[in-house]
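Peer 1: Provided below are the primary sequence and the corresponding predicted coordinates.
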Amino acid sequence: MNPDYGPAAGFGIGFIVLMIAIYLALIALGIWIQYLLMRTAVKNGIKLAMQETGQAFPPSQYHPPMPPQGYQPPQGYQPPNG
């Protein structure tokens with residue numbers, strides 16, 4: 001019988017668990033960095049699109065859309081104060 005288990009025989013289960021934890025931590029770090037890059041790219045893309053269309057970034061105040069041309073409010077309509 002040959003009891004030669006190879007060079008990894010002395011590492012033990014603790015080393016294997018530690019390597020798995022480091023491997024998963026590196027995967028999580030990579031995903032987090034990719035998320036930060038995508039978030040920045042989307043933010044910069046929105047900012048560039050708003051600059052090209054002449055809109056302010058961020059929008060300073062919400063205004064509802066304008067009614068269609070030729071729209072007449074109902075008889076006796078009073079717009080809200082605000």
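Peer 2: Thanks, I have it.

Peer 1: which residue is nearest the middle of this protein?
Peer 2: Arg39 (4.3 Å; C-alpha atoms, centre = their mean).

Peer 1: how is it assigned, secondary-structure-wise?
Peer 2: helix (DSSP: H, G, I helix; E, B strand; the rest coil).

Peer 1: any chance of the backbone angles for Pro73?
Peer 2: phi -70, psi 160 (degrees, to the nearest 10).

Peer 1: list the contacts of it.
Peer 2: With contact set as C-beta atoms under 8 Å, 6 or more residues apart in numbering, Pro73 has these partners: Pro79. All C-beta spots, glycine's among them, are computed from the backbone N, C-alpha and C.

Peer 1: Ile31 versus that one, what's the distance?
Peer 2: As for Pro73, its distance to Ile31 is 52 Å (criterion: C-beta to C-beta, to the nearest Å).

Peer 1: just the mean pLDDT for the strand or helix carrying Gln34, thanks.
Peer 2: Gln34 belongs to helix 12-53 when assigned by DSSP states H and E. The pLDDT scores in helix 12-53 average 91.

Peer 1: which strands and helices sit next to that helix?
Peer 2: Where contact means 3 or more C-beta pairs under 8 Å, 6 or more residues apart in numbering; DSSP states H and E, helix 12-53 is not packed against any helix or strand.

Peer 1: can you give me how far that helix is from the chain middle?
Peer 2: The chain centre lies 10 Å from the centre of helix 12-53; the measure is C-alpha atoms, centre = their mean, to the nearest Å.

Peer 1: measure the residue nearest to the centre of the chain to Ile46 for me?
Peer 2: 11 Å.

Peer 1: same question for Leu36.
Peer 2: Leu36 is 16 Å from Ile46, by C-beta to C-beta.

Peer 1: of those two, who's got more company?
Peer 2: Neighbours were counted for Leu36 and for Ile46 using other C-beta atoms under 10 Å; Ile46 has more, 13 against 10.
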